[in-house]
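A.B. asks: below are the sequence and a predicted model for it; my questions follow.
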Protein chains: 2
Amino acid sequence: MKTSSLLLATTRETPSDAVVASHQLMIRAGMIRPLAGGLYNWLPMGLRVLRKVEAIIRQEMNRAGAQELLMPVVQPLELWEESGRDETMGAEMLRFTDRHDRSFVLGPTHEEVITDIVRKEIRSYKQLPVNFYQVQTKFRDERRPRFGVMRSREFIMKDAYSFHLSQESLQETYDTMFEAYNRIFTRIGFEYRAVQADTGAIGGDGSHEFHVLAESGEDDIAICSNSDYAANVELAEALAPRGTRPEASEELEKVATPDTHSIEEVSSLLQVKKKKTVKTLLVQGATEGAPVIALVVRGDHELNELKAEKHPLVASPLTMASDAEIQAAAGCSAGSIGPVNLNIPVLVDRTAANSSDFICGANEDGFHYKGANWERDAQITEIVDLRNVQKGDPSACGQGKLEIYKGIEVGHIFQLGNKYSEALNATVQNENSRAQVLEMGCYGIGVTRIVAAAIEQNHDDRGIIWPDAIAPFQVCIVPMQMHKSPRVAEAAQKIYDELMEQGIDVLFDDRSERPGVMFSDMDLIGIPHRIVIGERGLDNGMIEYKYRRDEKPQDIAEDEFMAFLMQQLAK
Amino acid sequence: MKTSSLLLATTRETPSDAVVASHQLMIRAGMIRPLAGGLYNWLPMGLRVLRKVEAIIRQEMNRAGAQELLMPVVQPLELWEESGRDETMGAEMLRFTDRHDRSFVLGPTHEEVITDIVRKEIRSYKQLPVNFYQVQTKFRDERRPRFGVMRSREFIMKDAYSFHLSQESLQETYDTMFEAYNRIFTRIGFEYRAVQADTGAIGGDGSHEFHVLAESGEDDIAICSNSDYAANVELAEALAPRGTRPEASEELEKVATPDTHSIEEVSSLLQVKKKKTVKTLLVQGATEGAPVIALVVRGDHELNELKAEKHPLVASPLTMASDAEIQAAAGCSAGSIGPVNLNIPVLVDRTAANSSDFICGANEDGFHYKGANWERDAQITEIVDLRNVQKGDPSACGQGKLEIYKGIEVGHIFQLGNKYSEALNATVQNENSRAQVLEMGCYGIGVTRIVAAAIEQNHDDRGIIWPDAIAPFQVCIVPMQMHKSPRVAEAAQKIYDELMEQGIDVLFDDRSERPGVMFSDMDLIGIPHRIVIGERGLDNGMIEYKYRRDEKPQDIAEDEFMAFLMQQLAK
């Protein structure tokens, strides 16, 4: 394609609400334009990238045996009432009534619709397993849409749903999808990790998120330095420290700590490292017999709320005890709680449980204990994993230490079990002619988000650096002063024709702009391979080539150029 | 693909609301399933057809120099207020508010959004002309969605919008789109006509509809028997009869016609053909000076409301005069009006104006005139084209007579002029650096509707007969008793592998069903080329081939089969 027949909407203006690189660069490179909050037009340059991403996903989904179908954007609310999610989805699900006052929603996801299809169309176990997918527009009325297409309201997802007679069959398709996702993200050219994930509100067992590693990511991911192990920090297991707890060597001593409430203040006042202290938090209990529960982690550690609220004694969602509840249970305010002489259940983190001679609140405002020791001074109800992992922690896989990275979630696979199939009564006749509730899995990829994530991972000061597989064009041809030099125009056209014939996606910049303008536009748009043709080069029988990431261009002899370029493209 | 890995959702049940063949057959062949009124799931078999239609459209739009982009389904209401269409769209445009109480619509079309993009992105005449298109989901809240995907609420359209500095440039792109549409519908395999059309509420000059000819069509189309001329009956010009009006030969005579009100009753009572009578209708006028206007057409003709309301004396939309107004203007009731001694403007249809010695109402209840003649007995204010054309009328192209066909509108191209660009102030700097309002064209194709129209035009008692270009599969292989005959299985697999290698879309029916079930499923789904492999054939070195439209199959020698099939596919 030639730039003269393409909307080249590059701009130097960065909108004020664009705080992440991908949002800024997609606007500046003319890939998207805002229509309203969280709604974007995809201009021709951006759509080319989106379509390449879609094509890779379709190929790999088909290869993995999934069947493509297409469900409507608009769904009847009734189905959501049937599954019970009408209530749990909240304001993010946009609802409206049609001209006949019937209630509908803009589909934020399609579990209900696909389960409705399957309960009607799949009659016998002989038709199982099945795996259906679509590439389709979804809408979530985010309270605060942001980061451009990274967290927009209208977006494109690939969502797949599989149905099975048994958990084994579900696991098999789950594994196939796991592989397909790895193929997809590898083909796109991502540095990414498959991460053990929480199943959240959607329920069920077994879930992986696929995260693109990028500094701007919203999620913290713990990655083993020596293995494939990766987990969302929220979910990564913090192992118990090696070795047994050191013996107590100090006496319990109450010390005055006036006006110190935080771990920072206490450790600073007493001139000790934070790891010598423990932090005690009171939360609401799940049972009548124990309305308040104490959670203890080491002073340098962070409580992991997700882990805490999974404990049967702890109310879910995790709810901090009120000042009055704290006063009643511990006889002090929040900054002075400690496990010594505390008459409520005390759940102690694995690492904190290995501390001895530690410092903790004395359950008396203005006082802490030094030299506190478990068993001798304070009782442990149960030792549990309660904290977030940190950089340097041993990995749960046993093969190395953890690094903490930032990640952008681009895919998520779930084993849903029979959450939806039970609610919507999706059954088939099994081999014994009995109705059996189906097992279900679901597999999502944020198609529009992938485009933004690719930019977050691949850009520099000059603009985007597309991975070859999803670049809007693989190659650009930039002729120097073409409109004054028929020789340059002819040479550029010849290479253009040859590349088009080879099926290469090539952009021919035929504008009569200054070279600097053309170079900076092509760098901004992020086309990976650049060819420059000028009088001086042709005088020497040379054509200039530059890979977008390279510092400097190289001159290649004209007659070797096509072979050289093909080699570069095949890399 | 093998049927074992495809959702083959054929069914014998025809839903009671499915009154047209395409709706019935799309359900029975397992192509679509209803989700709610006017909302359909596209099952894998149907989606294959839809995707092929989309691919043909994209290829031809790209070939014609249009650029693909993608605009959101959800649009801010503000843009519709700016264009003024907020008020004219009515209940068909679904509106809602988001969680922050801002007003949005589900886009029924995208003129406003594209004009908003263009007014921001196109700065100079040098960037013109441009033509943008998308293949995208739209929503129209039809009062009575019906005929399956033919008139659904959520549907897929290809909509294109072009922008120009001049009418000449608009005409050029319009002509290019006209050609592109002809290529698209020819490639799909339609029997269709490009039809001169009314521009309706959207405004502007110059418009063609593309109609697929099918008995179930909702539109009446006048087609010349000897040329390409075709026009919507609403718009087709009824030429003046050749020759001058015969001289008056009878005296004006008032006859009693008690209890006769309609043309049928009068002609029956007086024993004359309907064409000897004229029909006089009173309608509201457009001016204060003439609040009621008489319209006269021959008794055997139908008033064309669109033509009538375009006359400057006639109120638009056309409104019949009330009984009181008729009594005041003509002194009688509606069944007895005639042009004799009528003191209001009388607009006479070209053919009626050529009648002499005709019968008409006497403006006195219970009486008609015989032997009435223009000028002598009744005055003509103006002779105009007021009637619908009929079968046998001379074509306006002057090259033949008209036939009336039923058509299904699948495409529509419009010259919008500056309706939207003016309302939204879409201007560019012209060569003289002055701001100039853009000219605009728009070009739509009903993508989902094409699938239904193809079935309306191509089906029989056994099911769908797909045109090759959009068939879900071009070829099916039906092996006889494959599960009992390894020899049949092997031969079928061999042909399957060969066809797959050639890139042919082939469906291998590997179910262990009775041959009759497999045959009727493949006929219902409508796969054009059927290959049957059985023991008996193989004994004789023969493979059976049948084209979907053929009465009987033919046996082809095994070693000549592939060459034969390729020839059939190339037809």
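C.D. replies: Received it, and whenever you're ready, just let me know what you need.

A.B. asks: could you list the low-pLDDT ranges of the stretch 51-200 of chain A?
C.D. replies: Low-confidence segments of the stretch 51-200 of chain A, defined by pLDDT under 70: A:199-200.

A.B. asks: what residues does it put near chain B?
C.D. replies: Contacts of the stretch 51-200 of chain A with chain B, taken as C-beta under 8 Å from any C-beta of the partner chain, map to A:65, A:67-76, A:91-92, A:94, A:96, A:98-99, A:102, A:104, A:106, A:113, A:116-117, A:120-121, A:127, A:130, A:132, A:137, A:139, A:141, A:143, A:153-154. (Glycine included, C-beta is placed from N, CA and C.)

A.B. asks: which of those residues are buried?
C.D. replies: Neighbour counting by 16 or more other C-beta atoms under 10 Å in any protein chain shown classes A:67-76, A:94, A:96, A:98, A:104, A:106, A:113, A:116-117, A:121, A:127, A:130, A:132, A:137, A:139, A:141, A:153-154 among those as buried.

A.B. asks: what residues sit buried inside stretch A:372-382?
C.D. replies: Buried residues in stretch A:372-382, counted by 16+ other C-beta under 10 Å: A:372-374, A:377-378, A:380-381.

A.B. asks: tell me the one of the residues you listed nearest A:L35?
C.D. replies: A:T381 (55.7 Å; C-beta to C-beta).

A.B. asks: and the gap between the closest one and chain B?
C.D. replies: 43 Å (C-beta to the nearest C-beta, to the nearest Å).

A.B. asks: just the buried positions in the helix or strand hosting A:I543, please.
C.D. replies: For A:I543, the host element (DSSP states H and E) is strand A:542-547. Residues of strand A:542-547 classed as buried: A:542-546 (neighbour count, 16+ other C-beta under 10 Å).

A.B. asks: same thing with stretch A:426-445?
C.D. replies: In terms of neighbour count (16+ other C-beta under 10 Å), stretch A:426-445 has its buried residues at A:426-428, A:436-445.

A.B. asks: endpoint to endpoint, that stretch covers what distance?
C.D. replies: Chord length of stretch A:426-445, first to last residue, is 25 Å (C-alpha to C-alpha, to the nearest Å).

A.B. asks: how far does that stretch sit from its chain's centre?
C.D. replies: On the basis of C-alpha atoms, centre = their mean, to the nearest Å, stretch A:426-445 sits 29 Å off its chain's mean C-alpha point.

A.B. asks: cool, and stretch A:465-483?
C.D. replies: On C-alpha atoms, centre = their mean, the centre of stretch A:465-483 falls 30 Å from that of its chain.

A.B. asks: check whether that stretch comes near chain B.
C.D. replies: No - if you take C-beta under 8 Å from any C-beta as the test, stretch A:465-483 misses chain B, and the best it gets is 12.0 Å.

A.B. asks: check contacts around A:D510.
C.D. replies: Counting by C-beta atoms under 8 Å, 6 or more residues apart in numbering or on different chains, A:D510 touches A:2-4, A:479, A:482.

A.B. asks: setting aside sequence neighbours, what's the nearest residue to it?
C.D. replies: A:K2 (4.7 Å; C-beta to C-beta, 6 or more residues apart in numbering or on different chains).

A.B. asks: from memory the one you found sits against A:F508, does it?
C.D. replies: Yes - counting by C-beta atoms under 8 Å, A:K2 touches A:F508, with 4.6 Å between them.

A.B. asks: and these two? Which one has more around it.
C.D. replies: A:F508 (26 against 14; other C-beta atoms under 10 Å in any protein chain shown).
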